[in-house]
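K.L.:
show me how the following folds:
(one chain, ligands or ions: 1)
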Amino acid sequence: VKEYRPELPKIPEYIARLPVFRGYPVPWFVETIPGKDPDFRIVSRTKLAAAIAQRRCWVCGVNIPTAQEFAFVIGPMCAINRTSSEPPSHVECANFSALACPFLARPKMVRREDDLPAELSLPPGMMIGRNPGVALVWITTTYTKRFAPNGVLIKVGEPSRVWAFAEGRNATADEVRASIESGMPLLREAAQREGLLALSELAAARRRAYKVLGLAA
Ligand SMILES: [Zn+2]
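P.N.:
Now for the predicted structure:
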């Protein structure tokens with residue numbers, strides 16, 4: 001019998017097949033090291049490649065049917081640059097992760113950066129190393145990918161729907177807005193170094209994100 005944490009949302013069918021560690025389902029993408037406890041921060045490179053090549057769900061490992069849309073779990077800043085360092089999932093697996101993953105669900109939890117294996121470096125692209133508090137589930141029919149030395153950089157396509165979650169529930173518009181605005185200074189700084197064009201592109205990307213997220217400008 002699998003013992004889940006009582007605060008977890010209803011376990012979707014495919015996730016119920018995953019092993020359980022400390023009351024949490026162990027996501028399919030986690031690297032398994034024989035004789036060691038699973039570390040949810042460590043992504044398997046083999047699975048990263050398999051997820052993309054075989055349309056496997058990042059969370060449960062089961063194929064995403066071709067008729068189904070892709071669901072990306074991304075931080076709010078990723079709604080601006082439309083990037084993800086992780087492959088897509090089934091819609092229900094993505095929703096479960098956004099609600100249940102302690103890093104995504106609880107903004108006050110600090111992500112440990114210590115004792116990661118040496119070969120595990122930061123994901124490619126510009127990542128913001130803080131817990132965003134708000135997790136988005138971005139549903140789309142398309143994405144493009146580029147392999148980088150330490151992973152994959154995915155550009156997510158135009159969304160048909162986007163949901164925002166915080167602390168295991170739907171996020172409020174204020175939370176989504178605050179979460180985006182807290183990351184803007186970093187993006188502005190980077191754009192400033194690139195020049196005026198980058199700054200106006202960032203402003204346009206921000207407006208586009210606000211629209212997609214249903215926020216008033
Ligand atoms: Zn799945």
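K.L.:
show me which residues of this structure are close to the ion?
P.N.:
14, 57, 59-60, 90, 93 (Cβ under 5 Å from the ion). (Glycine included, C-beta is placed from N, CA and C.)
K.L.:
next, format those residues as TSV and append distance to residue 206 and pLDDT.
P.N.:
Shown next, in TSV, are these (distance: Cβ to Cβ, whole Å; pLDDT from 0 to 100):
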residue	distance to residue 206	pLDDT
14	35	96
57	30	97
59	29	95
60	33	97
90	30	97
93	29	96
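K.L.:
who wins for neighbours among the residues you listed?
P.N.:
residue 59 (30 neighbours; other Cβ atoms under 10 Å).
K.L.:
show me where this protein has helices.
P.N.:
45-53, 78-81, 91-100, 102-105, 173-194, 196-212 (DSSP state H).
K.L.:
state the mean pLDDT of the longest one.
P.N.:
This predicted structure assigns helix 173-194 an average pLDDT of 92.
K.L.:
who does that helix touch, helix- and strand-wise?
P.N.:
Applying 3 or more Cβ pairs under 8 Å, 6 or more residues apart in numbering; DSSP states H and E, one finds that helix 173-194 contacts helix 78-81, strand 134-140, strand 159-166, helix 196-212.
K.L.:
got the buried residues for it?
P.N.:
For helix 173-194, burial by neighbour count (16 or more other Cβ atoms under 10 Å) applies to 175-177, 179-180, 182-183, 187, 191.
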